[in-house]
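Trainee: test case, fold it:
(2 chains)
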Amino acid sequence: MKHLLSTADLSHADAVHLLDTAEQMAATQQREIKKLPTLRGRTVVNLFFEDSTRTRISFEAAAKRLSADVINFSAKGSSVSKGESLKDTAETLQAMGADAVVIRHPASGAPHRLAAMGWTRGAVLNAGDGTHEHPTQALLDAFTMRRHLAGGTGDLAGLRVAVVGDVLHSRVARSNVHLLHTLGASVVLVAPPTLVPFGVHGWPCEVSYDLDAVLPQLDAVMMLRVQGERMNAAFFPSEREYSRRYGLDARRLGLLPDHAIVMHPGPMNRGLEISADAADSGRAVVLDQVTNGVSVRMAALYLLLAGEGNDT
Amino acid sequence: MSHTSTYLLRGARLPDGTAADLVLTGGTIAEVTGAGRADVSGATVVDADGLQALPGLVDLHTHLREPGREDAETVESGTRAAAAGGYTAVHAMANTSPVADTAGVVEQVYRLGQQAGWCDVRPVGAVTVGLEGSRLAELGAMATSTARVRVFSDDGHCVSDPVLMRRALEYVKAFDGVVAQHAQDPRLTEGAQMNEGEVSSVLGLTGWPAVAEEAVIARDVLLAAHVGSRVHVCHVSTAGSVEIVRLAKQRGLPVTAEVTPHHLLLTDELVRSYDPVYKVNPPLRTAADVQALREAVADGTVDCVATDHAPHPTESKDCEWAAAAMGMTGLETALAVVQQTLVDTGLLDWAGVAERMSLAPARIGRLDDPALGGLAHGRGLAAGEPAHVTLYDPAAAWTVDPATQQTSGRNSPFRGHQLPGRVVATFLRGRATVLEGRPVPLPEVYGA
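Mentor: Residues are numbered from 1 along each chain as shown, chains lettered A, B, ... in the order given. A predicted model of the protein is given here:
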């Protein structure tokens, strides 16, 4: 593995290996001294063209616990805001000796361009590109499901997972559909038809417009963040109607099987896609997801920078 | 024109498949006779054995970028590329800076074309002032200017206001003009990046749905029928558009349509690379659309192949997809792509190529009027016609390398593709603009 750009690129073996590695990383995080010397002397650049404090901090913590040097590059207030191109920014960072570039970018495919064009020689980790993918989010979601529902080993065969909400604009949904399918889970997307992508018939999943009908068969339900502004583009009539039809509230929580977990990539819009009852219930594993994010990102950085075949 | 030699094109294959000698002298085709029969003393003999002769190609849709974006292309470099691609006339689109919406600008573009001497430049006039879609430009002034504009288009923008479109269709009847519509509903394509379909859903790129093109074409065909005007549809790209145009023609409505070479060969699968060289408007569609477009050219539903040659400076494509400019170069690859997609597949013969790439576009742009004399195009290869001739070798395969092309644009989507044939020579009014595949500059003394 040279880059981590998309979960669609991950084989079943790659994905399970990543999760197993993350499990090892998680074990080290139980120790009093959490820092490992693995990436000492290596430089990881967090190249963020979009505000995302959570993801950036998670990557920063992961890199630092592996003893890498971390440079945070935020596009705001930098030369990018003065019109510098992605190419020039990347080549500049390359000239400073970046071993890995963690990139968050509003344009779908920007990490692919970075990796394909040779603008950087380092490993490229996609930390979310436009409405395309967010592979480490899907990996931490899979890791969380594996721990809660599959004994913490192997894949997710036989599990049924719903991804609910604004699938059209969600990079989290795309990455999850690919990865969950690869790991053997069955996926159902639940959304108003306006927020289901036009070409979804080619995706390895089912689609439903009826959340109540889907909930009783689930092992996990993943609520996506919905931006209230979407109603201005007629994706739905009002926040209230969205919440009534697709929000996870106390009544719907009761429709889930007893063992099912509630997930959310954060940040949550309480009262819109998820009620306080659901968010704060014992089934919600939202904070586990955050914790697991560090382990998964440690695993990704480790495998890209120090893993098999990458020793230099 | 004293610098024009007499040329004897020996043994060329005519569009009807027969072999012939062609004698070009004094700017006209002096003689077309059986192969090996012509004997003209003092003529420059071109061995055309095995070469396909075609009437000089006419492009109905070219972006020459000048005035305003000379960093992307100039009239000189763009028309040199056109000559290299076998063209003797191009219609220069109006989306320059300033916009070609006045007699002054179209006359400037026309004159730059004459000065460059590579091929005739027929400016396209903007339909609306500044391409802004709110007020009609002075179409009549452009029509009666020395540029003699007959094709009007806001290309790059759709004339989406139905009332404005109706008025434009009506108004140009007074001078036998035609409105060439860039069919794109603006609301249905806000932020659109690529064809809306399975690939866009996976790539997370905002979709450009086929219906946004088809709905406008359907409306315009009905508007044209209502007011009794002809309408031309730029770059049709979907199977549904083809169906609408086919139906309209069956009803006898005065609609014509063009397709680009890239829409005849490439599909949206290429976008999976996120390489902006494949970013174009209208976007690359699906394999089913490509097949429907090929069949539409074959059966005449689509009248002509037009390049939509759209050069961009390197930095406009050397970036992430969303930031990149839309457009592809095409003048120097069009004929070879047509051979690959239509001739070699058995869908079209060379007479059909002559019709779709020379005669039909000239007719739509009213360039076939004999009153134009040597400035007339698309009149075929008969004795007495202006000597606009293209010689093409359908067996000379080559690999496209944008760095060696005549256009200033490096954004060829066929980069690295092998194409089956290439232009050997182009003659404009009997002057060789291209010989042995290379451009022949005008002598220094010309015009002195």
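Trainee: and residue A:144, that one's in a helix?
Mentor: Yes. Going by DSSP: H, G, I helix; E, B strand; the rest coil, the assignment for residue A:144 places it inside a helix.
Trainee: how about the contacts made by it?
Mentor: A:261, A:263, A:285, A:288-289, A:292 (CB atoms under 8 Å, 6 or more residues apart in numbering or on different chains). Bear in mind the C-beta positions are built from the backbone N, C-alpha and C, glycine included.
Trainee: farthest pair in these?
Mentor: Pairwise distances across these (CB to CB) peak at 12.5 Å, for the pair A:261 and A:292.
Trainee: which residues in the stretch 1-150 of chain B form helices?
Mentor: Taking DSSP state H, counting those that start in this stretch as the test, the helices found in the stretch 1-150 of chain B are B:75-84, B:103-116, B:139-144.
Trainee: only C-alpha atoms, please: export the longest one in PDB.
Mentor: Which is helix B:103-116. This file holds the C-alpha atoms of helix B:103-116, laid out as PDB (Å, rounded to 0.1, in the frame of the first residue of the first chain):
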ATOM      1  CA  ALA B 103     -19.400  44.400 -35.900                       C
ATOM      2  CA  GLY B 104     -16.100  45.700 -34.700                       C
ATOM      3  CA  VAL B 105     -15.000  42.500 -32.900                       C
ATOM      4  CA  VAL B 106     -16.200  40.100 -35.600                       C
ATOM      5  CA  GLU B 107     -14.400  42.200 -38.300                       C
ATOM      6  CA  GLN B 108     -11.200  42.100 -36.200                       C
ATOM      7  CA  VAL B 109     -11.400  38.300 -35.800                       C
ATOM      8  CA  TYR B 110     -12.100  37.900 -39.500                       C
ATOM      9  CA  ARG B 111      -9.200  40.200 -40.500                       C
ATOM     10  CA  LEU B 112      -6.800  38.300 -38.200                       C
ATOM     11  CA  GLY B 113      -7.800  35.100 -40.000                       C
ATOM     12  CA  GLN B 114      -7.200  36.600 -43.400                       C
ATOM     13  CA  GLN B 115      -3.800  38.000 -42.300                       C
ATOM     14  CA  ALA B 116      -2.700  34.600 -40.800                       C
END
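Trainee: which elements pack onto that helix?
Mentor: Applying 3 or more CB pairs under 8 Å, 6 or more residues apart in numbering or on different chains; DSSP states H and E, one finds that helix B:103-116 contacts helix B:75-84, strand B:120-123, helix B:139-144.
Trainee: tell me which of those lies nearest to residue A:244.
Mentor: Smallest distance to residue A:244 across the helices and strands packed on helix B:103-116 (CB to CB): 54.3 Å, for helix B:139-144.
Trainee: buried residues of that closest one, list them for me.
Mentor: Going by neighbour count (16 or more other CB atoms under 10 Å in any protein chain shown), the buried part of helix B:139-144 is B:139-140, B:142-143.
Trainee: a markdown table for the residues you listed, including distance to residue B:7?
Mentor: Putting the buried residues of helix B:139-144 into a markdown table (distance: CB to CB, whole Å) gives the following:
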| residue | distance to residue B:7 |
| --- | --- |
| B:139 | 39 |
| B:140 | 40 |
| B:142 | 35 |
| B:143 | 35 |
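Trainee: out of those residues, which touch chain A?
Mentor: Among these, proximity to chain A is found for none (CB under 8 Å from any CB of the partner chain).
Trainee: report the two of these separated the most.
Mentor: Across the buried residues of helix B:139-144 (CB to CB), the longest gap, 7.3 Å, separates B:140 and B:142.
Trainee: get me the contact residues on chain B for chain A.
Mentor: B:193, B:196-207, B:209, B:273-275, B:315, B:318-323.
Trainee: just the buried subset of those residues, please.
Mentor: Buried, going by 16+ other CB under 10 Å: B:193, B:196-207, B:209, B:274-275, B:318-323, out of those.
Trainee: which ones among those residues are found in strands?
Mentor: Within these, residues falling in strands by DSSP state E are residue B:207.
Trainee: out of the buried ones among the residues of chain B next to chain A, list just those in helices.
Mentor: Among these, the members found in helices (DSSP state H) are B:198-203.
Trainee: adding pLDDT, write those out as JSON lines.
Mentor: Shown next, in JSON lines, are those (pLDDT from 0 to 100):
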{"residue": "B:198", "pLDDT": "97"}
{"residue": "B:199", "pLDDT": "98"}
{"residue": "B:200", "pLDDT": "98"}
{"residue": "B:201", "pLDDT": "97"}
{"residue": "B:202", "pLDDT": "97"}
{"residue": "B:203", "pLDDT": "98"}
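Trainee: which of these lies closest to residue B:420?
Mentor: residue B:199 (27.4 Å).
Trainee: need the contact list for the closest one.
Mentor: Each residue near residue B:199 by CB under 8 Å, 6+ apart is listed here: A:199, B:268-269, B:271-272.
Trainee: show me which of those residues are buried.
Mentor: By 16+ other CB under 10 Å, those give A:199, B:268, B:271 as buried.
Trainee: would you agree the first one is in contact with residue B:198?
Mentor: In other words, residue A:199. Yes. Contact between residue A:199 and residue B:198 holds when scored by CB atoms under 8 Å: they sit 3.7 Å apart.
Trainee: neighbours of residue B:373, just the number please.
Mentor: 11 (other CB atoms under 10 Å in any protein chain shown).
Trainee: that one in helix, strand or coil?
Mentor: Applying three-state DSSP to residue B:373 yields a three-state assignment of helix.
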